[in-house]
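Student: quick one, structure for this:
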Amino acid sequence: MKIALGSDHGGYALKCDIIQLLEKLGHEYKDFGCYSTESCDYPDFGEAAARAVASGEYDRGIVICTTGIGISIAANKVQGIRCAHCADSLEAEMTRRHNDANMLAIGAGFTGKNLAERMVEVFLSTDFEGGRHERRVNKLNAIQP
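Tutor: Just a heads-up that it's a prediction; the model follows:
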């Protein structure tokens, strides 16, 4: 699976941990920035990762900032993106099963390395259930900005 990554300075360290996990799991990835803890603006990197997923070049995306909220808002501005801000692995599982979320947002200021890694593992390994949920996802996809 090909994964697009993005973070701001507040999510940089956790993103580095996630990169190690992706390498261990054998996933391809591209880091769309940022590349240090120097202060920067999360919309730049959330949008870049989201555009890569929306284009179909990447299967899923993971974005990280201090709260996970701002970068998820940025990602969700891109047509075709369903970015879910999750705080635990059950949310990561259910947003894949029911919402066919194609991006996961994590708040590095609230989520430790072990939990974040579990969330990523679950998010990447869970399939969309379809069925009654497909109708709802189609309605989400039809909403235009």
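
Student: ok, which stretches of the chain are strands?
Tutor: For the chain, the strands defined by DSSP state E cover 2-7, 28-31, 60-65, 83-85, 103-107.

Student: adding mean pLDDT, write those strands out as TSV.
Tutor: As requested, the strands of the chain are exported to TSV (pLDDT from 0 to 100):
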stretch	mean pLDDT
strand 2-7	98
strand 28-31	98
strand 60-65	98
strand 83-85	98
strand 103-107	98
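
Student: out of the ones you listed, which is the most enclosed?
Tutor: The highest average neighbour count among the strands of the chain, using mean count of other Cβ atoms under 10 Å, belongs to strand 60-65 at a mean of 29. Using the backbone N, CA and C atoms, a C-beta is placed for each residue, glycine as well.

Student: check Pro145 and give its pLDDT.
Tutor: At Pro145, the model reports a pLDDT of 69.

Student: numbering from 40 from now on, please.
Tutor: Sure, I'll start counting at 40 from here, so that last one is Pro184.

Student: out of the strands of the chain, which is closest to Glu77?
Tutor: strand 41-46 (12.2 Å; Cβ to Cβ).

Student: nearest to Lys178, out of the strands of the chain?
Tutor: Closest to Lys178 of the strands of the chain, according to Cβ to Cβ: strand 122-124, at 16.4 Å.
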